[in-house]
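Colleague: Mind folding the following:
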Amino acid sequence: MTKDKTKKGFILRALDTVERVGNALPNPATIFLILTGIVIVLSAICASLGVTVTYDYLDSAKGEITEVTVAAVNLLAPDSIRHMVTTVVGNFTGFFALGTVFTIMIGVGVADGTGFMSALLRKVAASTPKTFVTAVVVFLGIMSNIASSTGYVVLVPLGAVLFMAFGRHPIAGLAAAFAGVSGGWSANLLIGTNDPMFAGMSTQAAQMIDPSYNVLPVCNWYFMMASTFLITAIGTFVTDKIVEPRLTPYVPDSSEVVQDIGDNEKRGMRWAGITALVYIIIMAILVVPENGLLRHPETHSFLTSPFMSGIIFFMMLLFLLPGLAYGIGAGSIKNDKDVVELMNKTISGLSSFMVLIFFAAQFTACFNYSNLGTIISVSGANFLESVGFVGLPLIICFIVLTAFINIFIAVDSAKWAIMAPIFVPMFMRLGLAPELTQVAYRIGDSSTNIIAPLMPFFVLTVAFFQKYDKKAGIGSVISTMLPYSLCFLLGWIVMFIVWYVLGLPLGPGSPLFY
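Modeller: Take a look at the predicted model:
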């Protein structure tokens, strides 16, 4: 018992040290500015040294694999300077998370501002046993990935409110939801939009060895379903036993205290429920039939349908329409001016997020333009290839390498487009199936999402943390999420080893060995 307490104390002290060091850093916006300067200097040095990498690149559009040589680009060269100064605005407005966040937050802002979300969550809190609230938040985070990145901008902040409804620390709720959404990105009970994309890239890479090989979109389905329960269990344990105990007591202000639902709120809830039901029925009519309006007009596919492409807009309506109905029924909305004011208030609350996004976008653009990210990724991949490991040691090293690279390049499709032509054929020559290589990649890619500052939604999570802790910074978020990242990575590796030893199929028609 004493030994366990000592060990736990050391872990918590180590996390406190990480937080202190991280929070001693400058403001996140300043950090991105400094990192941009560092990238500029490194690009000039690497370019002067003639640093290059050559690799086989998978061109998804053409369906071809071509040999590409990439050289470091000097960002201090005249052409680079002209490029940087003329793309500043485009970098900001084109940043991936910006449009997604603003679109869906319009609907969420109305639903939250009218009091609908608060009333709904209090109902959920009343019907959910306190023992299972953490598991429910993590599980919902994992399942939200079926709707692409919606979970980042919807479920993460709602996790904080739900925890407060149980008298628990909101940052613990943020952490649990973020762990499920981001750390559990590669787990789900359903087939998501990433599965066909990964399968297509893996197929083309595998056909370098076997022209007839075909990787199915459901190739990792069994493993991903099992991973859903694994990540839920680990996320629940880390939240309850590591993260929440080290948080200082939180006292909500008057606007955050959860009140009982009154008669007006009950009437609003009924109106919102009817509106939500009608909306879901209409959407089902448009999506469920094979020839539905929002299905793909030619293939009638669901995963590549207009519905999936516009999922953020439809999710916005799912919050906006019931929120309006609730506000009218509860009397919190009198006219259209009230609705617009709620939208304005929501957007104004994202001001700190906009500042962070501006500098993060410039850093990301410079990093990508310099080719340093590609050079780091390919060099690391080539190093692992040259080591000569076989079997489980090779796969585990590949998982760890992917987890490391994910910190530098957060876009999963971009990494797999570079890594698949290298590792899929190499592993096939060693008798390992492409489906096995793909699932190993997804484990590493998912595990470090929650501690990767370059992940587009990381800065949004920092802003969410700051709502409940004004002094919170990147260090706070990383130190809070680091236990999740390490435990997810270790737990997933152990599960993978067991799966490998037992020789279980990864999905329908998807063996482990080639």
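Colleague: Does residue 65 belong to a helix, a strand or coil?
Modeller: strand (DSSP: H, G, I helix; E, B strand; the rest coil).
Colleague: Report how many residues lie close to it.
Modeller: Residue 65 has 17 neighbours, counted by other CB atoms under 10 Å. Backbone N, C-alpha and C define where each C-beta goes, glycine included.
Colleague: Same question for residue 326.
Modeller: Per other CB under 10 Å, the neighbour tally for residue 326 reads 30.
Colleague: same thing with the one 5 residues further on?
Modeller: Using other CB under 10 Å as the criterion, residue 331 is surrounded by 13 other residues.
Colleague: Mind telling me what element the closest residue to it other than its chain neighbours is part of?
Modeller: Closest residue to residue 331 apart from its sequence neighbours, by CB to CB, 6 or more residues apart in numbering: residue 264 at 5.5 Å. Assessed by DSSP states H and E, residue 264 sits inside helix 263-287.
Colleague: residues making contact with the following helix or strand past that helix?
Modeller: The first helix or strand that comes after helix 263-287 along the chain, using DSSP H and E, is helix 306-309. Around helix 306-309, the neighbours that count as contacts under CB atoms under 8 Å, 6 or more residues apart in numbering are 148, 193, 283, 286-287, 294-296, 302, 314.
Colleague: Just give me the least confident of those.
Modeller: Ranked by pLDDT, these bottom out at residue 148, which has 56.
Colleague: Give me the mean pLDDT for the lengthiest helix in the chain.
Modeller: The longest helix of the chain (DSSP state H) is helix 474-502. Summarised as a single mean, pLDDT over helix 474-502 is 93.
Colleague: Run through the neighbouring helices and strands of that helix.
Modeller: In terms of contacts (3 or more CB pairs under 8 Å, 6 or more residues apart in numbering; DSSP states H and E), helix 474-502 is packed against helix 2-23, helix 170-178, helix 221-238, helix 391-408, helix 434-447, helix 458-468.
Colleague: Show me how far it is from its chain's centre.
Modeller: Mean C-alpha position of helix 474-502 versus that of the full chain (CA atoms, centre = their mean, to the nearest Å) differs by 15 Å.
Colleague: before we move on, back to that, got TSV for the helices and strands packed on helix 474-502, with distance to residue 94 and mean neighbour count too?
Modeller: As requested, those are exported to TSV (distance: least, CB to CB, whole Å; neighbours: other CB atoms under 10 Å):
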stretch	distance to residue 94	mean neighbour count
helix 2-23	29	12
helix 170-178	24	29
helix 221-238	31	21
helix 391-408	20	19
helix 434-447	23	27
helix 458-468	16	22
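Colleague: how about those helices in JSON lines, adding mean pLDDT and distance to residue 95?
Modeller: As requested, the helices and strands packed on helix 474-502 are exported to JSON lines (pLDDT from 0 to 100; distance: least, CB to CB, whole Å):
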{"stretch": "helix 2-23", "mean pLDDT": "56", "distance to residue 95": "23"}
{"stretch": "helix 170-178", "mean pLDDT": "93", "distance to residue 95": "19"}
{"stretch": "helix 221-238", "mean pLDDT": "96", "distance to residue 95": "28"}
{"stretch": "helix 391-408", "mean pLDDT": "88", "distance to residue 95": "17"}
{"stretch": "helix 434-447", "mean pLDDT": "94", "distance to residue 95": "20"}
{"stretch": "helix 458-468", "mean pLDDT": "86", "distance to residue 95": "10"}
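Colleague: Can you tell me which of these is nearest to residue 489?
Modeller: When the helices and strands packed on helix 474-502 are compared by CB to CB, helix 434-447 sits nearest residue 489, at 4.0 Å.
Colleague: name the helices or strands packed onto that closest one?
Modeller: Against helix 434-447 (3+ CB pairs under 8 Å, 6+ apart) you get helix 194-206, helix 391-408, helix 412-429, helix 474-502.
Colleague: List the contacts of the second one.
Modeller: The one in question is helix 391-408. By CB under 8 Å, 6+ apart, the residues outside helix 391-408 that reach it are 367, 373, 376-377, 380-381, 384, 387, 389, 412, 415, 419, 423, 427, 430, 432, 436-437, 440-441, 443-445, 447-449, 451-454, 489, 492-493, 496-497, 500.
Colleague: Right, I'll leave it there.
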